[in-house]
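Chemist: output the structure for:
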Amino acid sequence: MLCPNLCGMASLPERALTSATPNVWIELANPKENIYTTSDEVRGYIKIEVEREIPLEKIDITLEGTSSTSLSRAIAFVPGRRESYQKFLQLRQPTNELDYPKIQILLPGQQYQLPFTFVIPEQILPQCCTHETRNAGVKNAHLRLPPTLGTGPTPFWNLRSTPDDSPEMCRIQYGVRVQMYGKSSPEPISDLSQDIRVMPTTTQSEKAYDPSVLYMLKEQALTSGLGRREHGNLEISATKPTPINLQSSNTGSTNSSPTALQLHLRFDPLKNELPPRLSSLKCNLNTSTFYATVPWENYPTQNDITPLQVDREVYEKSMSLSSLDLSSVKWEKLPSFSTIYQEKLKSDDESDASFIPSEEQIESWDQCSYTATVTVPVILPNKKDFLPTFHSCSISRSYALDISLGHRTSSGLCGSSTSLNVPVEMVYSGKQ
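Modeler: Numbers count the residues shown, from 1 in each chain. Reported below is the predicted structural model:
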C-alpha cells in the first residue's frame, strides 16, 4: 500500500514545506517480510510527485546502516553527556538510462517511479573499523554486520527498554534513504528514509570455550551456626552450554531452540561431615548491552565498567527462566584413598612391606568426597524478541545464565545459597 512518509516530510527544513517540495514515497516490494537477513534482497520503488516544475540535479538512493550511542555519566567537572555516531554501511543504488532516465525537470501531473534493489551483506568494509583491537577475533567480530537494535530517537535520559531489552541510549538502525538535489542549492530538497529491520545470520564466536572442557565456576566454604563452624568445601564446575539457536517467524518474532547446562558438584568434607542437602535451583537470563563513545578494543565485560569510567556503560536486564526442586538429587560418595590403598594391598601379590603409613596419613586417607550432577534446562519464552550475541565497534550484546543453588548443611537450621554466572551465546540461523 502506497502512503507518504509523513515523518520524513515533517523533518524537512521549513523553507521546503511549500509547493516546491516534492512528494516522495518509499514503497517496499516485500513489506510483509518484517526481518531481512544475510543475502536477502531489499527491493522496492521510489515514487515522486510534484505540484509545480522543479529543476533537478540528481537523486541518490542508498541503503544505510548507522550506530549511535549517548552516555550520561559525569565525573567532577567532566561534561556528563557524550555522543558518538558511525555510518558503517552505505550501499548506493547504481543508475542506468533504462531504469533511471536523466530527469532535468520534474513536471506536475506525472508520477515518477524509480526501482531499487539492495542485498544485505555479511560484513562491512575493513575501512569502517580502523581502530586498534587486542586480537584478530575482535577485529573479525567488529567487521560482521550487527543486528538492528533499539527504536527511533528518544531523549537519552529515557530508560524505558524496547522489546529486545535494549536501552534507548544506543541504537543500530538500517534504512532505505532517498535524497533529491535541485540545481539552485547544495542542500537536498528532499531527504527521507524508510527503516527496515535487519538480523544477519551469525555463528558461534571465535572466543568460545571448548565445550568438552570443564571449568570451575565457584568454590565456597560451607559454615553454620553463630561460631561459623566449618563443614567443608563446595566446588561447582560446568561445561559451556551449546549456543541457543534463534529463528524468526513470519510475524517478525523470534523463536529459540532449547539448550541445557550441566553443573558438577563436589563436596570435600572436614572430618566426617555429610554433604549439604540440596533444596532448589533458580535460573535467570541476564542480558548485558555494552555501549561506548570510544571503540572497544576487546570483548567487553563487567570489569571494563568502573566508577571512574565516563565513556563506557552497560545496561542490564534479567528475566526468570525456571525454578527446579533438587530435594531428590542424591550425592555419590567417592572411595577414600585409604580404601583404594587397602584394595591395592589385597590385589597385589607382593606388597611393599617397607612402607608403613603414619596415623596422620591414615586419618587423612580416610577423608572421602561426594559428587552430584544437576542438569539445568534452558528454555526461552517464544513470545519475546531476542538478539543474537554480537560485538561491534561501539555496541555489544552478551548473555549469561544466573544460577542460584540453594542448600543446607547437615546440622544447619537455616539454608543458604551459592550464586554463579555462566556465559551463554545466542546465534541467529535465519527464517523458519
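Chemist: quick one: the helices in this structure, in order.
Modeler: Under the criterion DSSP state H, the chain contains helices at 6-10, 136-143, 337-347, 359-365.
Chemist: what's the domain layout of this structure?
Modeler: What automatic domain parsing lists as the domains of the chain is 6-196, 215-347+354-431.
Chemist: indicate which one of the ones you listed is closest to Thr203.
Modeler: The closest approach between Thr203 and any of the domains of the chain, judged by C-beta to C-beta, belongs to domain 215-347+354-431 at 6.0 Å. To be clear about C-beta, it is placed using only N, CA and C from the backbone, and glycine gets the same treatment.
Chemist: the domains of the chain into JSON lines, with extra columns for distance to Thr202?
Modeler: Supplementary listing: these in JSON lines, determined by distance: least, C-beta to C-beta, whole Å:
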{"stretch": "domain 6-196", "distance to Thr202": "7"}
{"stretch": "domain 215-347+354-431", "distance to Thr202": "5"}
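Chemist: in contact with Ser256, which residues?
Modeler: Remark: with contacts taken as C-beta atoms under 8 Å, 6 or more residues apart in numbering, Ser256 is in contact with 244-247, 379-380, 382, 386, 426.
Chemist: could you find the closest non-adjacent residue to it?
Modeler: Sequence neighbours aside, Leu380 is the residue nearest to Ser256 in space, at 4.3 Å (criterion: C-beta to C-beta, 6 or more residues apart in numbering).
Chemist: pLDDT score assigned to the residue nearest to Asp402 when sequence neighbours are not counted?
Modeler: The spatial neighbour of Asp402 that comes closest, neighbours along the chain excluded (C-beta to C-beta, 6+ apart), is Asn284 at 4.2 Å. Turning to Asn284, the model gives it a pLDDT of 95.
Chemist: ok, now how distant is Asn284 from Ala238?
Modeler: In this view, Asn284 and Ala238 are 16 Å apart by C-beta to C-beta, to the nearest Å.
Chemist: show me where pLDDT drops low in the stretch 251-400 of the chain?
Modeler: Applying pLDDT under 70 to the stretch 251-400 of the chain flags the ranges 251-253, 336-367.
Chemist: mind listing the strands for it?
Modeler: 254-256, 259-269, 277-292, 312-325, 332-333, 370-378, 390-391, 395-408 (DSSP state E, counting those that start in this stretch).
Chemist: ditto for the stretch 1-150 of the chain
Modeler: Assignment of strands within the stretch 1-150 of the chain using DSSP E, counting those that start in this stretch yields the ranges 23-28, 41-49, 54-71, 82-92, 105-106, 112-119.
Chemist: and the longest one, what other elements does it pack with?
Modeler: Counting contacts by 3 or more C-beta pairs under 8 Å, 6 or more residues apart in numbering; DSSP states H and E, the secondary-structure elements packed against strand 54-71 are strand 41-49, strand 82-92, strand 105-106, strand 112-119, strand 170-182, strand 277-292.
Chemist: ditto for the last one
Modeler: The criterion is 3+ C-beta pairs under 8 Å, 6+ apart, and the helices and strands that strand 112-119 contacts are strand 41-49, strand 54-71.
Chemist: what angle do the first one and strand 112-119 make?
Modeler: Right, the one you point to is strand 41-49. 160 degrees (axes from the mean of the first three to the mean of the last three C-alpha atoms, to 10 degrees).
Chemist: what is strand 41-49 packed up against?
Modeler: For strand 41-49, the helices and strands in contact under the criterion 3+ C-beta pairs under 8 Å, 6+ apart are strand 23-28, strand 54-71, strand 112-119, strand 170-182.
Chemist: the same query, at a cut-off of 10 Å, please.
Modeler: Contact analysis of strand 41-49 by 3 or more C-beta pairs under 10 Å, 6 or more residues apart in numbering; DSSP states H and E lists strand 23-28, strand 54-71, strand 112-119, strand 170-182, strand 188-196 as its packing neighbours.
Chemist: out of the contacts of Ser256, which are buried?
Modeler: Neighbour counting by 16 or more other C-beta atoms under 10 Å classes 244-246, 380, 386, 426 among those as buried.
Chemist: wait, what's in contact with the residue nearest the centre of the chain?
Modeler: Ranked by distance to the mean C-alpha position of the chain (C-alpha atoms, centre = their mean), the top residue is Arg397 at 2.8 Å. With contacts defined as C-beta atoms under 10 Å, 6 or more residues apart in numbering, the neighbours of Arg397 are 146-147, 149, 164-166, 170, 172, 287-291, 300, 386-391, 426.
Chemist: related to what we said a few turns ago, got CSV for the helices and strands packed on strand 112-119, with mean pLDDT, mean neighbour count and distance to Ile403 too?
Modeler: Listed next are the helices and strands packed on strand 112-119 as CSV, based on pLDDT from 0 to 100; neighbours: other C-beta atoms under 10 Å; distance: least, C-beta to C-beta, whole Å:
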stretch, mean pLDDT, mean neighbour count, distance to Ile403
strand 41-49, 92, 18, 42
strand 54-71, 91, 19, 31
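Chemist: and of those strands, who's closest to Gln262?
Modeler: Ranking the helices and strands packed on strand 112-119 by distance to Gln262, with C-beta to C-beta as the measure, places strand 54-71 first at 36.9 Å.
Chemist: distance from that closest one to the middle of the chain?
Modeler: The chain centroid and the centroid of strand 54-71 are separated by 27 Å, computed with C-alpha atoms, centre = their mean, to the nearest Å.
Chemist: what lines up beside that strand in the sheet?
Modeler: strand 82-92 (antiparallel), strand 105-106 (antiparallel), strand 170-182 (antiparallel) (DSSP bridges).
Chemist: which one of those lies closest to Ser320?
Modeler: strand 170-182 (25.0 Å).
Chemist: could you export that closest one as CSV, CA atoms only?
Modeler: The C-alpha trace of strand 170-182 is given here as CSV (Å, rounded to 0.1, in the frame of the first residue of the first chain):
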residue,chain,number,x,y,z
CYS,A,170,22.2,3.1,22.0
ARG,A,171,20.8,2.2,18.6
ILE,A,172,21.7,0.4,15.4
GLN,A,173,19.4,1.3,12.5
TYR,A,174,19.1,0.4,8.9
GLY,A,175,17.0,2.2,6.3
VAL,A,176,16.5,2.9,2.6
ARG,A,177,17.3,6.6,2.1
VAL,A,178,16.4,8.9,-0.9
GLN,A,179,18.0,12.3,-1.3
MET,A,180,16.9,14.7,-4.1
TYR,A,181,19.1,17.7,-5.1
GLY,A,182,17.9,20.7,-7.0
